[in-house]
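In: Just a sequence and a predicted model for now, questions to come.
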Amino acid sequence: MARRRRRTEVFSMSFLDCMSCGFGAVILFFMIINATVKEQSDIENQEELSEVRRIEREVLEGRKNLVQLRNTLEETNDEIVRAEGDTERLIERIRELEERLAEYDDTTVAREESVEQLRADIEQLEEARRRLAAEVESSGPAGEAVRAFVGDGSRQYLSGLRVGGERTLILVDSSSSMLDENVVNIIRRRIQPPEQQLRSAKWRQAVASVDWITTQLPREGKFQVYRFNEKAEPAIAGSAGLWLDVGDGDQLERAVQVLRTTPPSGGTNLWAAFRVASEMSPRPDNILLLVDSLPTLGERPPAKNTVSPGDRLRLFGQAVRELPSGIPVNILMYPMEGDYMAPVEYWKLAYRSRGSFMSISDDWP
């Protein structure tokens, strides 16, 4: 009997199982790979995000620094503008100083000649003083004085000053320069309390000079005492424009006491002092001027803060033109540092007005 042949199948159940397992493995493999790639991507994205945030912080910090730099630049520009303004002012100040130095150079020769002439004139005045002293000694004792003044050692003071006359006007410089003869000391004393300013040796000497002058006035005459700095005003309040009796010793004492208790201050306005002489009625027939320097103020307020030597000479000329003619001006000159032309100009004034000039020593009166 013939054997029946078995039919062969290409795809069997076992093959399908193998294929299914293979596909499953591939799918599982891809799933594993996909999960790994996603995890790695998340890590990289996180790092990039951190980097972006860091860069953003740096950008923000840079903007803040930029704002600070802009503010600093603006402040620097402001400082540059201020520095330029200070430089311009400094240059202007240097120009003023150069102009003053030029003025000093221009007047040096004339000043030396004037000083030599002044020395010769002082010698002549000294000779005249000695002659007057001899005349006083030979004329016997003087008449009774309204007030007494005794100096150191009860000595007799012979000065050659002309203190007679029916109407004597005493003009006392009470500006800040009367605090001392040194500029630095004047500045230092200006900020001191009034009681310390009144102890200034120079001012006490000026007050003592007025005290001595009042003892030399004739009993039957009249007098007035004015003190002047930036303006002129009478020593005795309420007596402006009035002549006071010398015979009234109380008024003389009051005038001296006011000077003794009022410290010097302010600038020097000689024009205001001489204006008083021109406005007095009747006018004085004798003027005694106690001063230490050329004026720094005049009829009108100054146009600038500094006063050059040329300006002071111009102000002096302006004040002299205000002075009435025919009145002798007797000058008591106190020392002052740096004002070299003052003695020359005041001596000329005394000479032209037929008055006298006296340079005050440290121990007078």
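Out: Happy to help now that I have it. For clarity, every value in this text was computed on a predicted model and none was experimentally measured.

In: Flag the shaky bits of this structure, pLDDT-wise.
Out: Where the chain drops to pLDDT under 70, the residues are 1-13, 15, 35-44, 103-116, 128-160.

In: Output the longest helix belonging to this structure.
Out: Taking DSSP state H as the criterion, the chain has its longest helix at helix 13-138.

In: Next SSE downstream of that one?
Out: Later in the chain than helix 13-138, the nearest helix or strand by DSSP states H and E is strand 167-173.

In: helices or strands up against the longest helix of the chain?
Out: Packing partners of helix 13-138 (3 or more Cβ pairs under 8 Å, 6 or more residues apart in numbering; DSSP states H and E): helix 309-322, helix 341-352. The C-beta positions use only the backbone N, C-alpha and C, and glycine is treated the same way.

In: Residues in contact with the last one: which ones?
Out: This points to helix 341-352. 107, 111, 114-115, 117-118, 121, 289, 291-294, 309, 312-313, 316, 320, 329-331, 333, 336, 355-357, 359 (Cβ atoms under 8 Å, 6 or more residues apart in numbering).

In: now the longest helix of the chain, how far from the centre of its chain.
Out: Here helix 13-138 shows a centroid-to-chain-centroid distance of 32 Å under the convention Cα atoms, centre = their mean, to the nearest Å.

In: and the angle for that helix with helix 341-352?
Out: 30 degrees (axes from the mean of the first three to the mean of the last three Cα atoms, to 10 degrees).

In: Tabulate the helices and strands packed on helix 13-138 (JSON lines), appending mean neighbour count.
Out: What follows is those, written out as JSON lines (neighbours: other Cβ atoms under 10 Å):
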{"stretch": "helix 309-322", "mean neighbour count": "18"}
{"stretch": "helix 341-352", "mean neighbour count": "19"}
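
In: Make CSV out of the ones you listed and add distance to residue 221.
Out: Shown next, in CSV, are the helices and strands packed on helix 13-138 (distance: least, Cβ to Cβ, whole Å):
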stretch, distance to residue 221
helix 309-322, 24
helix 341-352, 21
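
In: Can you give the domain ranges for this structure?
Out: For the chain, the structural domains run 19-111, 159-359, going by automatic domain parsing.

In: Counting neighbours, which bits of stretch 186-206 end up buried?
Out: 186, 189, 197-198, 200, 202-203, 205-206 (16 or more other Cβ atoms under 10 Å).

In: Ok, stretch 117-124 next?
Out: 118, 121.

In: what's in contact with it?
Out: With Cβ under 8 Å, 6+ apart, stretch 117-124 has contacts from 343-344, 347, 351, 359.

In: export those residues to CSV and tack on distance to residue 249?
Out: CSV is the format used below for the contacts of stretch 117-124 (distance: Cβ to Cβ, whole Å):
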residue, distance to residue 249
343, 34
344, 38
347, 33
351, 34
359, 30
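
In: who touches the residue lying closest to residue 264 once chain neighbours are set aside in this structure?
Out: Spatially, and ignoring its direct neighbours in sequence, residue 264 is nearest to residue 178 (4.2 Å; Cβ to Cβ, 6 or more residues apart in numbering). Residues in contact with residue 178 (Cβ under 8 Å, 6+ apart) are 200, 202-203, 206, 264, 292, 334.

In: What's the separation between residue 178 and residue 357?
Out: 18 Å (Cβ to Cβ, to the nearest Å).

In: before we move on, what about residue 48?
Out: When distance is defined by Cβ to Cβ, residue 48 is 101 Å away from residue 357.

In: Residue 332 too?
Out: To residue 357, residue 332 is 9 Å away according to Cβ to Cβ.

In: Looking at these two, which one has more neighbours?
Out: Neighbour count, other Cβ atoms under 10 Å: between residue 332 and residue 357, residue 332 has more, with 28 against 23.

In: Bridged to that one, which residues?
Out: When bridges are called by DSSP bridges, residue 332 pairs up with residue 290, residue 358.

In: That one: what's it in contact with?
Out: Contacts for residue 332 (Cβ under 8 Å, 6+ apart) come out as 161, 209, 288-291, 358, 360.

In: swap in residue 313?
Out: With Cβ under 8 Å, 6+ apart, residue 313 has these contacts: 294, 341, 345.

In: Name the nearest residue to the first one, sequence neighbours excluded.
Out: To tie it back to what came earlier, the one meant is residue 294. Nearest residue to residue 294, sequence neighbours excluded (Cβ to Cβ, 6+ apart): residue 312, at 4.0 Å.
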